[in-house]
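>>> Could you work out the structure for the sequence below:
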Amino acid sequence: VPVQASGGGLVQAGGSLRLSCALSGRTFSNYVIGWFRQAPAKEREYVGSIYWGGGSPNYADSVKGRFTISRHNTKKTVYLQMNSLKPEDTAVYYCAAKFRGTTDYNTWGQGTLVTVSS
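A predicted model of the protein is given here:
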C-alpha cells in the first residue's frame, strides 16, 4: 500500500498541526498504518499506529494525550493530529504501512518536516 505524508510546517510551541497520510490502492482492511518521526542526529522513533480495519490507535508514551490518530475511509487518509506541540517534537514525520500481524513496515512514504519553535 503506497503511502505519502503531508502537512508539515513551522508552528510555535503549544500550537497544533495535522498531518495527513494518503493511501493508494483499493483495499486496506488488513493493513496497519504507522506514524514515525526522526529528529536530527536521532534514531527513528515510533509515534503511533492504527489498524485500518478498526479498533483504537496505539501511541508512544512520548505523545500519548497530545497526539491523535484517525482515519477517513472515503478519503483513504490517516491523520495525525498533534496538539500541545513541544520543541522536542521537531522532526521529519513519516507514515508507513504493514500487513496486520507482521513486524516490519514495508512501505514508507516521503517524510514531512515539522518544526516547533520555542
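>>> quick one: low-confidence ranges for the chain?
Filtered on pLDDT under 70, the chain yields no residues whatsoever.
>>> all helices for it, in order.
Assigned by DSSP state H, the chain shows no helices.
>>> where along this protein do the strands fall?
For the chain, the strands defined by DSSP state E cover 3-6, 9-12, 17-23, 31-38, 45-51, 58-59, 67-72, 77-82, 91-99, 107-108, 112-117.
>>> what inclination does the longest one have with respect to strand 77-82?
Orientation check (axes from the mean of the first three to the mean of the last three CA atoms, to 10 degrees): strand 91-99 against strand 77-82 gives 140 degrees.
>>> circling back to that earlier point, take the strands of the chain and lay them out in CSV including mean neighbour count.
Every residue, glycine included, has its C-beta placed from N, CA and C. Output for those, formatted as CSV (neighbours: other CB atoms under 10 Å):
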stretch, mean neighbour count
strand 3-6, 20
strand 9-12, 12
strand 17-23, 20
strand 31-38, 22
strand 45-51, 19
strand 58-59, 17
strand 67-72, 17
strand 77-82, 21
strand 91-99, 22
strand 107-108, 16
strand 112-117, 17
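>>> residue contacts, Cys21?
3-5, 33, 35, 77-80, 95, 109 (CB atoms under 8 Å, 6 or more residues apart in numbering).
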